[in-house]
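Trainee: no sequence for this one, just the structure:
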């Protein structure tokens with residue numbers, strides 16, 4: 001069975017003149033090789049496609065070699081709020097099935113404020129917030145300091161630093177101006193959650209979604225305190241450490257994450273970030289429906305690993321979830337008779 005593999009390779013963009021921060025969300029060759037190896041282990045024939053430009057050329061060429069039974073897609077895209085949805089939309093147009101969420105869900109979830117509006121309408125906990133397109137936008141009366149500010153549509157902690165935690169209106173205006181200038185997009189400002197921080201891994205779709213585990217993020221002496229910032233994530237081995245919490249708050253965080261996942265209609269695998277609010281309850285921060293899959297450094301593989309799930313098993317669970325809507329893949333896995341518990 002032939003699987004296409006779409007991704008944005010970081011080295012390609014660095015060679016084109018992108019800065020390390022601009023290319024931070026893109027994948028390393030270690031990630032590409034790790035996923036390719038895991039898919040090949042399942043007996044799949046992997047065809048590296050690469051980014052949307054390469055996919056477009058190959059689809060437009062019309063060759064029979066440029067068709068796949070399905071596509072394993074981890075491409076983040078380059079421009080706009082719909083950048084993560086561009087390859088899935090193109091594949092939909094050609095009726096080629098793929099892993100992970102559809103264009104609607106990916107476009108929604110990249111825009112953190114729109115996501116929070118849906119989560120709030122689902123009756124699930126998320127901090128009060130406002131979106132600033134200008135430093136002159138009024139601060140809503142119901143927002144209480146300290147506040148937290150970040151770009152409305154970035155990942156990998158981009159735009160998050162110690163300056164993101166804000167104690168005064170003067171600090172807020174300064175931070176908003178800096179983010180608007182650097183990232184050229186609106187700023188999400190929400191009430192700061194003072195408690196423990198978790199990230200929850202999820203595999204599956206709909207009623208079959210389940211958690212691969214939860215990990216708590218702790219900040220070491222070298223870390224930018226109180227925030228899981230871009231620098232803390234990039235240098236996680238020096239600045240932060242992770243544990244597996246087993247208390248009631250962690251259980252509630254998993255329940256919240258699964259409710260968000262199902263409510264947003266997400267598929268196959270991803271990660272949801274949760275923080276404890278002032279009343280000691282878990283509250284939704286954001287979701288990553290195209291979570292990083294570096295076998296060593298990405299949060300989803302890390303949290304799955306420390307909760308007892310191997311990288312090979314994680315990739316299998318993602319593929320198995322996709323097989324529920326891809327009949328040929330379902331038949332292939334059935335013929336292989338792979339026992340998940342051995343992975």
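Mentor: Arrived safely, thanks for sending. Here the structure is a predicted model, which means the values were calculated and not measured.

Trainee: okay, now the sheet partners of the one helix or strand residue 46 maps to, with direction.
Mentor: Under the criterion of DSSP states H and E, residue 46 resides in strand 45-50. Each strand paired with strand 45-50, and its direction, by DSSP bridges: strand 2-6 (parallel).

Trainee: what comes up buried for the partner strand?
Mentor: Of the residues in strand 2-6, 3, 4, 5, 6 count as buried by neighbour count, 16 or more other Cβ atoms under 10 Å. Just so you know, the C-beta spots here come from the backbone N, C-alpha and C atoms, and that holds for glycine as well.

Trainee: give me the neighbour count for residue 273.
Mentor: When counting by other Cβ atoms under 10 Å, one arrives at 18 neighbours for residue 273.

Trainee: how close does the nearest residue to residue 155 once chain neighbours are set aside get to residue 143?
Mentor: What sits nearest to residue 155 in space, not counting adjacent residues and going by Cβ to Cβ, 6 or more residues apart in numbering, is residue 25, at 5.1 Å. Computed with Cβ to Cβ, to the nearest Å, the distance linking residue 25 and residue 143 is 29 Å.

Trainee: one step back: pull the most distant pair out of the buried residues of strand 2-6.
Mentor: Greatest spatial distance in the buried residues of strand 2-6: 3 and 6, 10.3 Å, computed using Cβ to Cβ.

Trainee: quick one: average confidence on the longest strand belonging to the chain?
Mentor: The single longest strand within the chain, with elements called by DSSP state E, is strand 210-219. Regarding strand 210-219, the rounded mean pLDDT is 96.

Trainee: what residues does it touch?
Mentor: Taking Cβ atoms under 8 Å, 6 or more residues apart in numbering as the criterion, the residues outside strand 210-219 that touch it are 196-204, 225-226, 228, 232, 239-245, 250, 253-254, 257-258, 299-300, 302-304, 306-309, 314, 317.

Trainee: what subset of those is buried?
Mentor: By the neighbour-count criterion of 16+ other Cβ under 10 Å, these include these buried positions: 196-204, 226, 228, 232, 239-240, 242, 245, 250, 253-254, 257-258, 299-300, 302-304, 309, 314, 317.

Trainee: if we can go back for a sec, now flag whichever of the buried residues of strand 2-6 is closest to residue 190.
Mentor: Proximity of the buried residues of strand 2-6 to residue 190 (Cβ to Cβ) peaks at residue 6, which lies at 32.5 Å.

Trainee: give the contact list for the closest one.
Mentor: Contact analysis of residue 6 by Cβ under 8 Å, 6+ apart lists 49, 50, 51, 52, 55, 71, 72, 73, 74, 75, 87, 98.

Trainee: where does the prediction get shaky in the stretch 151-300 of the chain?
Mentor: Segments of the stretch 151-300 of the chain classed as low confidence (criterion: pLDDT under 70) are not present in this model.

Trainee: about what we covered before: need the residues touching each of residue 3 and residue 6.
Mentor: Counting by Cβ under 8 Å, 6+ apart, the common neighbours of residue 3 and residue 6 are 71, 72.

Trainee: just say helix, strand or coil for residue 190.
Mentor: Classification of residue 190 into helix, strand or coil gives strand, according to DSSP: H, G, I helix; E, B strand; the rest coil.

Trainee: sorry, that was for residue 316
Mentor: Remark: residue 316 carries the secondary structure label helix [criterion: three-state DSSP].

Trainee: ok, it touching residue 340?
Mentor: Yes: applying Cβ atoms under 8 Å, one finds residue 316 in contact with residue 340, separated by 6.2 Å.

Trainee: higher neighbour count, these two?
Mentor: Here residue 316 and residue 340 are set side by side on neighbour count (other Cβ under 10 Å), and the busier one is residue 316, at 21 against 11.

Trainee: end-to-end on stretch 259-267?
Mentor: This stretch, stretch 259-267, spans 13 Å end to end (Cα to Cα, to the nearest Å).

Trainee: show me what it is in contact with.
Mentor: 99-102, 104-105, 108-109, 115, 118-119, 122, 124, 202, 205-207, 209, 270, 272, 284, 287, 289, 321-322.

Trainee: okay, now the domains of this protein?
Mentor: Under the assignment named as automatic domain parsing, the residue ranges that make up the domains of the chain are 2-108, 128-191, 197-323.

Trainee: show me where this structure has strands.
Mentor: Taking DSSP E as the criterion, the chain carries its strands at 2-6, 45-50, 70-73, 129-132, 147-151, 165-166, 187-191, 197-203, 210-219, 240-243, 269-276, 282-288.

Trainee: and residue 206, how far from residue 248?
Mentor: 26 Å.

Trainee: who has more neighbours, the two?
Mentor: The residue with more neighbours, out of residue 206 and residue 248 and counting by other Cβ under 10 Å, is residue 206; that gives 12 against 9.

Trainee: what's near enough to touch that one?
Mentor: With contact set as Cβ under 8 Å, 6+ apart, residue 206 has these partners: residue 262.

Trainee: how near is the nearest residue to residue 82 once chain neighbours are set aside to residue 290?
Mentor: Counting by Cβ to Cβ, 6+ apart, residue 82 lies nearest to residue 107, which is 4.5 Å off, once chain neighbours are set aside. Computed with Cβ to Cβ, the distance linking residue 107 and residue 290 is 12 Å.
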